[in-house]
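In: Sequence plus the predicted model coming up.
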Amino acid sequence: MELTEQSQTESRKSSPFRRGHFVGSESSQDGASDSQRTLSVAVYLADQNPHRDRSLGITSMTQSVMQQFASREDLKVRQVISRSSHRQSEPQFVTDRIPLRTDTTLGRLTVDRLHRWWCQPQVDLWYYPKGYLSAWGGGGVPNVGTMHDTIVQHYADHYPESRSRRAFQFWINQTKRSLASLDCVLTVSQNASQQLYRFAERYRIKMPPVRVTYEGSHWENCLNHWFDKQDYVVHMASRAPHKKTTSLLRCWQQIQSTGRDLPTLRLVGHLDEEAQALIAKLHAVELSGPMPIGQLQMTVGRARALLLSSEIEGFGLPALESYYAGTPVCFSRGTATEEVLAGDPAEGGFELEHPDSLEQSLHWAFGLSEDDVRVSAQQMYQRFSCAKIADGIVDAFEQTVRGDLR
């Protein structure tokens, strides 16, 4: 059964890519040359429910990639969604809507397992932006997934109390199955690639070909705008242990206790009980909940610095977005953020165990000129523009379908 929001006749035109090779060099039905032929891709979005997901980063990445897909003539995209999931609004996409919600455990498990049977689109390749391929997926055409990190294993090792053992086992098994079953794994940094290889070695999984395609952000539309700076720094607060919001506040408290002159600290997000107790002891700390994107861009853009304290990242998207908004970043060393902020911006690294290093990082950020930040932002755009990221992903699709990956 297939529920399609555009005509099936339009969506099922013959594709020149089939089972790992190009169809011969003759002209296609409409007279187009090989270079103009399209690759037909089904993109699975039904597992993304941003209103309840733990992180919005994957959906943000998906949006920026899909927006680029919509503008390409070499792709024909079908998005597979559920009643509750994220969906793209671009008219170029054919939409298969499964009439179940996936923001419940039963609905998610059902749709993850049955979507290939439910939709059965005639495509050259399936793409999973969230990276998970179910036990009943695969077969017929190649499968490509973007695997962003191994944070579930990090939590099982370091924060076992944060989830049930059964939940950890389920998601670790999902990661193991996907790594073993995908024809090509895309990932968002060399750091993330190393995480995946360590995971595969740990569980003795033979890795499929891996391509580092990095990540882009629609915040690149801020590049030509400059926000008037105000005397505060901003941190995306989180209850998630790996985000280290509470550790950052302890570090801030130590610096503040020495009488140092610090700007206002603005927290955007949510705090756990310990963090709430800490900010009651601090002065010049402001807390607000999650913001609409326009307000968030303005809040980050007006800050003197963004504080990014995560102990593990697949990419570190907030760092890229902050530079696009004209704000330098102070970040915890040893994560993928250091890779993203290569060059001069890497001077903003600190260790939460050493408050002096955070002070030095802030001093460095406050000493940058507007031109310094703009130059760094443009350099990052050259590496991580949404168009360039999409080029890398489509290139990996084509190589996977042709069977050229090694």
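Out: In hand now; what should we look at?

In: What pairs with the longest strand along the chain, parallel or antiparallel?
Out: For the chain, the strand with the greatest residue count under DSSP state E is strand 75-82. Strand 75-82 sits in its sheet next to strand 39-44 (parallel), strand 94-98 (parallel), going by DSSP bridges.

In: secondary structure element for residue 286?
Out: Using DSSP states H and E, residue 286 falls within strand 285-288.

In: That should have said residue 357, apologies.
Out: Counting by DSSP H and E, the element that carries residue 357 is helix 355-366.

In: Return the set of buried residues in the helix or strand following that helix.
Out: Using DSSP H and E, the next helix or strand after helix 355-366 towards the C-terminus is helix 370-384. For helix 370-384, burial by neighbour count (16 or more other C-beta atoms under 10 Å) applies to 373, 376-377, 380-381, 384. C-beta here means a position set from N, CA and C on the backbone, and glycine is covered the same way.

In: ok, residues contacting helix 370-384?
Out: 214-217, 220, 223, 226, 320, 323-324, 326-328, 340-341, 343-345, 388 (C-beta atoms under 8 Å, 6 or more residues apart in numbering).

In: again, 6 Å this time
Out: Helix 370-384 has contacts (C-beta atoms under 6 Å, 6 or more residues apart in numbering) with 214, 216, 220, 320, 323-324, 326, 328, 345.

In: ditto for stretch 270-288
Out: Against stretch 270-288 from outside (C-beta under 6 Å, 6+ apart): 237, 239, 245-246, 249, 253, 264-268.

In: What's the ChimeraX syntax to select whichever of those residues are buried?
Out: Of those, the buried ones go into a single ChimeraX selection, burial set by 16+ other C-beta under 10 Å:
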select :237,245,246,249,265,266,267,268
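
In: Next, give me the two most distant ones among the contacts of stretch 270-288.
Out: Farthest pair in those (C-beta to C-beta) is 239 and 264. Separation: 22.0 Å.

In: and the strand holding residue 286, average pLDDT?
Out: On average, the pLDDT along strand 285-288 is 95.

In: Could you do stretch 94-113 as well?
Out: For stretch 94-113, the mean per-residue pLDDT is 93.

In: Pull out the buried residues from it.
Out: 94-98, 100-103, 107-108, 110-112.

In: wait, what's in contact with residue 44?
Out: Counting by C-beta under 6 Å, 6+ apart, residue 44 touches 80, 128.

In: how near is it to residue 173?
Out: Distance of residue 44 to residue 173, computed by C-beta to C-beta, to the nearest Å: 19 Å.

In: what does residue 224 give?
Out: To residue 173, residue 224 is 46 Å away according to C-beta to C-beta.

In: same check, this time on residue 392
Out: Distance of residue 392 to residue 173, computed by C-beta to C-beta: 29 Å.

In: more neighbours, those two?
Out: Using other C-beta atoms under 10 Å, the more surrounded residue of residue 392 and residue 173 is residue 392, with 15 against 12.

In: Strands of the stretch 51-200 of the chain, start to end?
Out: Remark: strands assigned in the stretch 51-200 of the chain by DSSP state E, counting those that start in this stretch are 75-82, 94-98, 125-128, 143-146, 184-187.

In: between these, which gets nearest to residue 157?
Out: Residue 157 lies closest to strand 184-187 among those, at 19.8 Å (C-beta to C-beta).
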